[in-house]
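**Student:** model this:
(chains A and B)
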2 protein chains.
Amino acid sequence: MDEIKALFFDVFGTVVDWRSGVARALQAYGEANGLEADWGQLADAWRMQYDPYMEEVRSGRRAWTKLDQLQAENLADAFAALDLPSPSEPERQELALCWHRLDPWPDAVDGLARMKNKYVVAPVSNGHISLMVNMAKRAGLVWDAILGAEIVHTYKPRPEVYLGSAAALDLAPGQCMMVAAHAGDLAAARHFGLRTAFVHRPLERGPEGKADDPSKADADFFARDFNDLARQLGC
Amino acid sequence: MDEIKALFFDVFGTVVDWRSGVARALQAYGEANGLEADWGQLADAWRMQYDPYMEEVRSGRRAWTKLDQLQAENLADAFAALDLPSPSEPERQELALCWHRLDPWPDAVDGLARMKNKYVVAPVSNGHISLMVNMAKRAGLVWDAILGAEIVHTYKPRPEVYLGSAAALDLAPGQCMMVAAHAGDLAAARHFGLRTAFVHRPLERGPEGKADDPSKADADFFARDFNDLARQLGC
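**Tutor:** So this is what the prediction gives:
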């Protein structure tokens, strides 16, 4: 316990409610363009494209590319999946920026501020530096540094992201704890030697969606939200 | 004016008083080891080695190496310059960490917090991420992100440091303003398209040392301290 020096946070789903914010932006675009759709479903379809596009970078087939660009490209696939006409490329570039404007879960700002008093706190996200900075300024999230994908030019769950983030702080992996609402992210972090904390976000995939369940996760800590985690960590 | 979105800060000398903090650490080491010296002069001698060691990395002759390691090596040269016996390598590694524990100038914490309300604020320093994070946590400096040398793996005044820091925020160079107490840093930033602000730190090199003079600097803003700069920027 005492050896943990830094908390690394997954962001999309763990700190912020990506689905509501993305659906809201898609709805605004759709209504302005006379489209009708289930905007939450379209947000889900967009999110489904997230991993295959990152895999091109992880595999080395594609040079380092920031998430904004990947999202602007794969939004066309999401619209196609729902038989909707794709926005133009400039419109997709603009829509991709909605990932910078996601709202934090209600406990995230306070809980993070509490944990920052005792630990170095940093996003270790697949979101790039500008996205993390814009989101944090808008939402009032207080980070000590922006770590994660961009500083190592590849995407989670590649080991470089976890290990490079620890190395950037001159810490051993075991001095860092990954905080996430996703069992897969935590499994990777644990495999590479980090401590792990699962935070349950039951609404991440909407009221009818299936969020990751604590019973499926292997973690050192299990928390209901960021304030619960702060309490467990003595912050 | 309205187009400036981010303020980039030089740190050693501009945000923190490196000479006093370094001299204090050297004195503590010296007294514990029965040495007598002018500790401010030894701090100056150490600082003199800063640039030639970074030049090895800038030139490509040496792979990216964090400042802690360069400082641990070149501290031996500084002791030799004053005819003092060199600390051991572990002692030099430990002494190099004193650069993480430098005190901010009296106006720096408040002025920075004011500027953060209106701008993205980030160190664009030759200090690495862990150094900047440790310094900020100890001193109460509030950064939005840690940019600068480590994210591009070379040292100022190489263009990559200024331009890579702007690119990390998805900003054009002209949307970023370099804030420094050093004419050379500002000249480089201006050459690469950034806006510039000179902050006068007359005691940077000690009461008898020669700090950079505003009359030698070419800058868009000239400020007495961070609160003066905040006022000029309407923060």
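
**Student:** Strands along chain A, start to end?
**Tutor:** Remark: strands assigned in chain A by DSSP state E are A:6-9, A:120-125, A:147-148, A:176-180, A:195-199, A:221-223.

**Student:** dump the residue contacts of A:Gly164.
**Tutor:** Contacts here follow Cβ atoms under 8 Å, 6 or more residues apart in numbering or on different chains; on that basis A:Gly164 touches A:Leu147, A:Ile151, A:Val152. For the C-beta atoms, the positions are set from N, CA and C on the backbone; glycine is no exception.

**Student:** Was I right to think the last one contacts A:Glu160?
**Tutor:** Yes - the criterion here is Cβ atoms under 8 Å, and A:Val152 meets it with A:Glu160 at 4.3 Å.

**Student:** returning to what we had before: restrict the contacts of A:Gly164 to those near chain B?
**Tutor:** When the contacts of A:Gly164 are filtered against chain B using Cβ under 8 Å from any Cβ of the partner chain, the residues retained are A:Leu147, A:Ile151.

**Student:** Show me chain A divided up by domain.
**Tutor:** A:6-17+A:102-232, A:19-100 (automatic domain parsing).

**Student:** so what's A:Ser20 scoring on pLDDT?
**Tutor:** pLDDT, A:Ser20: 97.

**Student:** Next, work out how far apart the residue of chain A most remote from its centre and A:Leu84 are.
**Tutor:** Most distant from the centre of chain A: A:Gly34, at 30.6 Å, with distances by Cα atoms, centre = their mean. Using Cβ to Cβ, to the nearest Å, A:Gly34 is found at 11 Å from A:Leu84.

**Student:** For chain A, which segments count as helices?
**Tutor:** Under the criterion DSSP state H, chain A contains helices at A:18-32, A:39-48, A:50-58, A:67-81, A:89-96, A:108-116, A:129-139, A:149-152, A:159-168, A:183-191, A:226-232.

**Student:** for those helices, which one sits closest to A:Val199?
**Tutor:** Of all the helices of chain A, it is helix A:226-232 that lies closest to A:Val199, at 6.1 Å by Cβ to Cβ.

**Student:** Now do that closest one: distance to the chain's middle.
**Tutor:** For helix A:226-232, the separation from the chain centroid amounts to 19 Å (computed by Cα atoms, centre = their mean, to the nearest Å).

**Student:** Let me see the mean pLDDT of that helix.
**Tutor:** Here the average pLDDT along helix A:226-232 is 98.

**Student:** Any buried residues in it, and which?
**Tutor:** A:Phe226, A:Asn227, A:Asp228, A:Leu229, A:Ala230 (16 or more other Cβ atoms under 10 Å in any protein chain shown).

**Student:** Tabulate those (JSON lines), appending distance to chain B.
**Tutor:** Putting the buried residues of helix A:226-232 into JSON lines (distance: Cβ to the nearest Cβ, whole Å) gives the following:
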{"residue": "A:Phe226", "distance to chain B": "19"}
{"residue": "A:Asn227", "distance to chain B": "22"}
{"residue": "A:Asp228", "distance to chain B": "24"}
{"residue": "A:Leu229", "distance to chain B": "20"}
{"residue": "A:Ala230", "distance to chain B": "17"}
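
**Student:** and chain A, which residues reach chain B?
**Tutor:** Residues of chain A lying close to chain B (Cβ under 8 Å from any Cβ) are A:68, A:120, A:128-130, A:132-133, A:136-137, A:142-147, A:150-151, A:168-171.

**Student:** Just the buried ones out of these, please.
**Tutor:** Buried by 16+ other Cβ under 10 Å: A:68, A:120, A:128-130, A:132-133, A:136, A:143-147, A:150-151, A:168-171, out of the residues of chain A next to chain B.

**Student:** related to what we said a few turns ago, looking at the domains of chain A, which one is packed in the most?
**Tutor:** Ranked by mean neighbour count under mean count of other Cβ atoms under 10 Å in any protein chain shown, the domains of chain A are led by domain A:6-17+A:102-232, which reaches a mean of 21.

**Student:** Pull the contacting residues for A:Pro85.
**Tutor:** Neighbouring residues of A:Pro85 by Cβ under 8 Å, 6+ apart: A:Leu35, A:Phe79.
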